[in-house]
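K.L.:
Need coordinates for the following:
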Amino acid sequence: MKTPACVAILLSLMLMGCESISSRIKERAAAFDNWAPATQERIRTGELKVGDNTDMVYMVLGNPDTAEDIPRADGSTLSIWSYPKLKQQFMAEETVGYEDHSEYDIATGQRIHYQIPNRQKVYQNTKVKGMQVILRNGLVTSVRWAGEPPPTLEAEEPESD
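P.N.:
Just a heads-up that it's a prediction; the model follows:
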């Protein structure tokens, strides 16, 4: 499956929020100020396109969890920036306190006091494979999500004898 030329990174907005993008834009304001207004707006809204540079990816998504640089035979460098997603898994319920209750018992004419436990669900957040941004010589070539096949790369030219 080919990656479309324009990829909206909605997951990044959910995970990191717009304020994070704003702070990263301020951090790299010199680069941001040199871009066209349409490009600036696209970055502010968290959208990446094929051909975007590393500054743009950083402003939209932040630092990758892992980054792998792969030198290629043609002298180019393929970089894979991985951004995991958090998977929330239910673990257990625990008692976090008690709530006092009382009722009037008509049969005995007395008030009955008792406590009801307050229970809270406990979840564990686990990083799982999420999104990978593939860059070639510092420019985005594709974005893939967990479960997608690896990107197809140009076949290496066989050496002739």
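K.L.:
Show me the strands in the chain, by range?
P.N.:
Taking DSSP state E as the criterion, the chain carries its strands at 6-8, 47-49, 66-71, 77-105, 110-136, 139-145.
K.L.:
Output these in CSV, with mean pLDDT, distance to Ser22 and mean neighbour count appended to each entry.
P.N.:
Where C-beta positions appear, they are placed from N, C-alpha and C, glycine not excepted. Shown next, in CSV, are the strands of the chain (pLDDT from 0 to 100; distance: least, CB to CB, whole Å; neighbours: other CB atoms under 10 Å):
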stretch, mean pLDDT, distance to Ser22, mean neighbour count
strand 6-8, 41, 18, 15
strand 47-49, 91, 15, 19
strand 66-71, 91, 23, 11
strand 77-105, 89, 19, 12
strand 110-136, 88, 20, 13
strand 139-145, 89, 21, 18
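K.L.:
could I get these as JSON lines with distance to Thr39?
P.N.:
Formatted as JSON lines, those follow (distance: least, CB to CB, whole Å):
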{"stretch": "strand 6-8", "distance to Thr39": "12"}
{"stretch": "strand 47-49", "distance to Thr39": "9"}
{"stretch": "strand 66-71", "distance to Thr39": "23"}
{"stretch": "strand 77-105", "distance to Thr39": "20"}
{"stretch": "strand 110-136", "distance to Thr39": "17"}
{"stretch": "strand 139-145", "distance to Thr39": "13"}
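K.L.:
what's the closest of the ones you listed to Ala36?
P.N.:
Comparing the strands of the chain against Ala36 with CB to CB, the closest turns out to be strand 47-49 (12.5 Å).
K.L.:
That closest one pairs with which strands?
P.N.:
Strand 47-49 has the following strand partners under DSSP bridges: strand 6-8 (antiparallel).
K.L.:
Can you pull out the residues in contact with stretch 73-91?
P.N.:
With contacts defined as CB atoms under 8 Å, 6 or more residues apart in numbering, stretch 73-91 is touched by 11-12, 15, 57, 61, 64-72, 121-138, 146, 153, 156.
K.L.:
run the last query once more with 6 Å
P.N.:
61, 64-72, 122-128, 130-137, 156 (CB atoms under 6 Å, 6 or more residues apart in numbering).
K.L.:
Equivalent analysis for stretch 126-138, please.
P.N.:
Contacts of stretch 126-138 (CB under 6 Å, 6+ apart): 53-54, 57, 76, 78-85, 87, 141-146, 151.
K.L.:
can you tell me how far the nearest residue to Asn118 once chain neighbours are set aside sits from Gln120?
P.N.:
Spatial nearest neighbour of Asn118, excluding adjacent residues (CB to CB, 6 or more residues apart in numbering): Gly97 at 4.7 Å. Gly97 is 9 Å from Gln120, where distance means CB to CB, to the nearest Å.
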